[in-house]
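Peer 1: Please work out how this folds:
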Amino acid sequence: MPPHLRRFVAALLVLALCGWVLSEAPMQEDGLQASRDLQEQSRSLVGAGRYVEALPLTRELHEAYPTSHVYLSRLADIHEHLGQWPESAAAWEAYLKVSPTPWEAFPMLGDAYRKLGQPKASTDAFARWLALQPGNPDAAFYLGRAQEREGNFQKARGTYRQGLKQHPDSTDLRVGLARMTLFTGSAVEARRMAEEAVKRSPTSVDARLILGMALRSEGNLTEARRQLEVARTMSPDYLDVLQVLGGVAEQQDDLPAARAAYGRILQLEPGHAAARARLAGLPKGGRP
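Peer 2: Below you'll find the predicted structure:
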C-alpha cells in the first residue's frame with residue numbers, strides 16, 4: 001500500500017476509535033450510575049428493615065457482581081431476617097469462598113445450620129472456623145457449645161479445656177468447662193471452677209448459674225439459691241436461671257417461690273414444656 005494510502009487509513013481508524021469512545025463512554029457511565037443507585041436502594045431498604053423489598057434488588061446486585069463479598073453478606077443477612085435459613089446458609093458458604101475475611105461468616109453460618117435442624121453441619125461450621133483460626137477463643141467457645149447441643153459432652157469439655165489453656169482470661173470458656181465438668185465429672189471440681197469464674201468475673205450471670213447448679217448438686221441448697229438469686233437480679237428474665245431457681249425452691253419446699261419462677265418462665269415463653277410440667281406437678285400448699 002502506498003504511503004499516502006496508509007496514512008489515510010490510519011487517520012480513518014483514529015476517527016473511528018474516537019467515535020466509539022465518545023458513544024460508549026456515556027453508556028458505561030449510565031451503567032455505573034444505575035449500579036450505584038441499585039446499591040443505595042438495597043442498602044437503604046435493609047437499613048429500614050424492609051427485607052422483602054430489599055431481597056430482589058440485592059439478588060440483582062449479587063448476580064451482577066457474583067464475587068462481591070459485600071453483596072453476599074447483605075444477601076445472607078436478608079435471608080436470615082426473613083427466616084430463609086437454607087438460602088442464608090448457602091449465601092454464607094459462598095461468602096467463605098470470596099471474602100478476604102472468611103472467618104466473619106462462621107457464627108452466622110453455624111447458627112443458620114442450627115436453625116435448619118442440622119446440628120452436625122452447625123458443629124462442622126464451627127470446627128472449620130477453629131481450624132482456620134486456632135487461636136480464636138470465640139471459635140473454641142462456639143464449637144464447644146455446638147458439641148454440647150449434640151450431646152457430645154466429653155468433646156465439648158476437651159474443646160473448652162484446650163481453649164482455656166490458650167486463653168486463661170476467657171470467662172465463657174471457663175464457664176463452659178465448669179458446666180461440662182458438672183455434667184461429666186465431679187460436682188466438687190465443677191464448683192471450684194465456677195467459683196474461680198465468679199471471682200474473675202463477678203458480673204457473669206452464667207458463672208453464677210453454674211456455681212448455683214454445682215452447689216445444688218453438692219446439696220448446699222442455701223448457698224445455691226443465694227447465687228441464683230444474685231444471677232436473677234442481674235438478669236431477671238434469664239430462663240435457665242429461673243428454671244434452676246424454681247427447682248431449688250421446690251427442694252426447699254418453698255412452693256410459692258417455685259410457682260413464681262415457673263410462672264415467669266411461661267410468661268416469657270408460653271410453650272416452655274419443662275416449666276409447664278413442673279408447675280402442674282407442684283402440690284398445693286407448701287411453706288408460705
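Peer 1: CA only for contacts and neighbour counts going forward, please
Peer 2: OK.
Peer 1: What does the pLDDT read for the residue nearest the centre of the chain?
Peer 2: The geometric centre of the chain, computed from its C-alpha atoms, lies nearest to residue 107 (C-alpha atoms, centre = their mean), at 4.6 Å. The per-residue pLDDT reported for residue 107 equals 97.
Peer 1: in which helix or strand would I find it?
Peer 2: helix 106-115 (DSSP states H and E).
Peer 1: how about the CA coordinates for that helix, as PDB?
Peer 2: Extracted in PDB, the C-alpha atoms of helix 106-115 (Å, rounded to 0.1, in the frame of the first residue of the first chain):
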ATOM      1  CA  PHE A 106     -18.900 -18.700  60.600                       C
ATOM      2  CA  PRO A 107     -21.000 -17.500  63.600                       C
ATOM      3  CA  MET A 108     -24.000 -16.900  61.300                       C
ATOM      4  CA  LEU A 109     -23.300 -19.900  59.100                       C
ATOM      5  CA  GLY A 110     -23.300 -22.300  62.100                       C
ATOM      6  CA  ASP A 111     -26.400 -20.600  63.500                       C
ATOM      7  CA  ALA A 112     -28.200 -21.000  60.100                       C
ATOM      8  CA  TYR A 113     -27.500 -24.700  60.100                       C
ATOM      9  CA  ARG A 114     -28.700 -24.900  63.700                       C
ATOM     10  CA  LYS A 115     -32.000 -23.200  62.700                       C
END
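Peer 1: gap between it and the chain center?
Peer 2: Remark: helix 106-115 is offset 7 Å from the chain centroid, using C-alpha atoms, centre = their mean, to the nearest Å.
Peer 1: Find the least confident helix or strand in this structure, judged by mean pLDDT.
Peer 2: helix 3-47 (a mean of 60; mean pLDDT, DSSP states H and E).
Peer 1: Tell me the first helix or strand C-terminal of that helix.
Peer 2: Defined by DSSP H and E, the subsequent element after helix 3-47 is helix 51-64.
Peer 1: Now that following helix: buried residues?
Peer 2: Neighbour-count burial for helix 51-64, counted by 16 or more other C-alpha atoms under 10 Å, picks out 51, 54-55, 57-62.
Peer 1: ditto for stretch 214-227
Peer 2: Going by neighbour count (16+ other C-alpha under 10 Å), the buried part of stretch 214-227 is 214-217, 221, 224-225, 227.
Peer 1: who's in contact with stretch 180-191?
Peer 2: Residues from elsewhere that reach stretch 180-191, judged by C-alpha atoms under 8 Å, 6 or more residues apart in numbering: 153-154, 156-157, 178-179, 210-211, 214-215, 217-218.
Peer 1: Pull out the CA atoms of that stretch and give them to me as PDB.
Peer 2: Extracted in PDB, the C-alpha atoms of stretch 180-191 (Å, rounded to 0.1, in the frame of the first residue of the first chain):
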ATOM      1  CA  MET A 180     -19.200 -29.900  81.200                       C
ATOM      2  CA  THR A 181     -17.300 -30.900  84.300                       C
ATOM      3  CA  LEU A 182     -20.500 -30.800  86.200                       C
ATOM      4  CA  PHE A 183     -22.200 -32.900  83.500                       C
ATOM      5  CA  THR A 184     -19.500 -35.500  83.000                       C
ATOM      6  CA  GLY A 185     -17.200 -35.300  86.100                       C
ATOM      7  CA  SER A 186     -17.300 -34.100  89.700                       C
ATOM      8  CA  ALA A 187     -19.700 -31.500  91.200                       C
ATOM      9  CA  VAL A 188     -16.900 -30.500  93.600                       C
ATOM     10  CA  GLU A 189     -14.500 -29.800  90.700                       C
ATOM     11  CA  ALA A 190     -17.100 -28.000  88.800                       C
ATOM     12  CA  ARG A 191     -18.000 -25.900  91.800                       C
END
